[in-house]
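*Asks:* Give me a 3D structure for the following:
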Amino acid sequence: MTIDRLRRILTPVIVVAALVGVYLVVRGEGPEAARSFARAEAVPLLAASLAANVAGLVLAVHAWRVLLPGDHPIRGLYAAKVYFLGQLSKYVPGRVWGVLTHVAHGRAVGVPGSQMTSAYVLSLALTLLTGAAVSLAAAPVALPGHWMWLCLPALFFLASTLRPALVTRPVAAAARLARRPVATPPDGAVRRAVLLAVASWTASGLHLWFLVLALGAEPWGGLGAAVGGFALATVVSSLALIVPDGWGVRELTITAALATVLPAGPAAAAAIASRLVCVVAELGSAGLVLGWSRLRPAPAPAPTATPVTPATEPPPTGTGTPPDTGTGTAPAPPHGDPHAPHRLTPLGEARVHP
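*Replies:* Down below sits the predicted model:
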């Protein structure tokens, strides 16, 4: 049995099994929890939840963008367009569609495919690393009295932030084994990407916190469970490559994390509401960005330096300068001649001298 055939069989089985598990948990107190979202008092919290998730997406765009080396036109609206198109591909099993989308749009504006692939792979690795680090926020509530041993992975995360090579070197080595070399960006860019990714995880996790508040959970206890639980659930579901966007897997993980601050039924209802908020935020943001980008022209491809062909015309009569002998070099212009050709720099660019 081939891998593709096995994936086609396992994907619906895992999704259905996970969704059935969520239904069995939510069927008892779920309807009452759903009515809690319909209360007028919950409307501001639902709006804040949507806004927090959109803010997390915006920060994620910047976290990926800083990993692209050099000066290039992928920024602003175009960067958001490329990122959201890659995000939409996550609803299809596998990671190949996202990287193909990034490579195609990068080449359209003159960015080599190798640079787009490197940024995609490193962004994925840093996203998993920072998501795992943020998930530790749920430990004090989930493991009361037994969470101190988690200080070790927290210290590793801090060390990798100070020394990005602890992360970039293993990623580059794994990419070489897969015959897909990755060009590691400067340490400063990696640190900025890590900080932006942590901010993105935190903002995205706040959307679940607002949903938990709407269900009547204790604010400060629910904060760690929501932010950490959402990060943990997203990391776990993203590793389930055969399940599109972790459908069902993420909901079960969120339910387990929130069960420390809510009854099982409301916890499952919050997990389902989280999925709806995320889908609305992602599709709405992608639609807005793609629609806006149609009204604005795509950025011009990155300029490349082209050598300037030196002049081969003989100098004016009477200057005393011998004619060109065919060596391919231009005669030196008289000093101060305003009509003299541009001089050549070592890079082949023309500069006008006074």
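*Asks:* May I have the predicted confidence score for A257?
*Replies:* pLDDT recorded at A257 is 88.
*Asks:* Doesn't it lie inside a strand?
*Replies:* No. Counting by DSSP: H, G, I helix; E, B strand; the rest coil, one finds A257 to be helix, located in no strand.
*Asks:* Name the residues of stretch 227-244 that are buried.
*Replies:* Of the residues in stretch 227-244, 227-238, 240, 242-244 count as buried by neighbour count, 16 or more other CB atoms under 10 Å. Any C-beta I mention is one placed from the backbone N, CA and C, and that applies to glycine too.
*Asks:* averaged over its residues, what pLDDT does it have?
*Replies:* Average pLDDT, stretch 227-244: 82.
*Asks:* pLDDT below threshold where in this protein?
*Replies:* Scanning the chain for pLDDT under 70 picks out 1-34, 70-73, 90-98, 142-149, 241-246, 296-354.
*Asks:* hey, where'd the helices end up in it?
*Replies:* Counting by DSSP state H, the chain has these helices, from start to end: 3-26, 30-37, 43-65, 76-88, 96-108, 113-135, 139-142, 151-162, 165-177, 187-214, 219-239, 249-258, 264-294.
*Asks:* which one of those is the most hemmed in?
*Replies:* Most buried of the helices of the chain, by mean neighbour count (mean count of other CB atoms under 10 Å): helix 249-258, with a mean of 25.
*Asks:* Which strands and helices lie in contact with that helix?
*Replies:* Secondary-structure packing of helix 249-258 (3 or more CB pairs under 8 Å, 6 or more residues apart in numbering; DSSP states H and E): helix 3-26, helix 187-214, helix 219-239, helix 264-294.
*Asks:* between those helices, which gets nearest to S135?
*Replies:* Across those, S135 has its closest neighbour in helix 219-239 (3.6 Å, CB to CB).
*Asks:* so that closest one versus helix 43-65, what angle?
*Replies:* With axes from the mean of the first three to the mean of the last three CA atoms, to 10 degrees as the basis, helix 219-239 and helix 43-65 are set at 50 degrees to each other.
*Asks:* Please report how far the closest residue to R180 other than its chain neighbours lies from L211.
*Replies:* The spatial neighbour of R180 that comes closest, neighbours along the chain excluded (CB to CB, 6 or more residues apart in numbering), is T117 at 6.6 Å. Distance of T117 to L211, computed by CB to CB, to the nearest Å: 36 Å.
*Asks:* what do you get for L85?
*Replies:* The value you get for L85 to L211, if CB to CB is used, is 28 Å.
*Asks:* what's the answer for G229, then?
*Replies:* Distance from G229 to L211, counting by CB to CB: 11 Å.
*Asks:* Same check on V121?
*Replies:* 32 Å.
*Asks:* and if you look at T130?
*Replies:* The spacing between T130 and L211, counted by CB to CB, is 22 Å.
*Asks:* Could you do L128 as well?
*Replies:* Remark: distance between L128 and L211 (CB to CB) = 24 Å.
*Asks:* same thing with R107?
*Replies:* Relative to L211, R107 is positioned 40 Å away (CB to CB).
*Asks:* can you tell me which residues contact the closest residue to R39 other than its chain neighbours?
*Replies:* Setting aside the residues directly before and after it, R39 is nearest to A214 in space (CB to CB, 6+ apart), at 7.8 Å. A214 makes contact with S36, F37, R39, E41, A42, L45, L46, according to CB atoms under 8 Å, 6 or more residues apart in numbering.
*Asks:* any chance of those in a markdown table, plus distance to A173?
*Replies:* As requested, the contacts of A214 are exported to a markdown table (distance: CB to CB, whole Å):
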| residue | distance to A173 |
| --- | --- |
| S36 | 50 |
| F37 | 47 |
| R39 | 53 |
| E41 | 53 |
| A42 | 49 |
| L45 | 45 |
| L46 | 45 |
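*Asks:* Cool, thanks, talk later.
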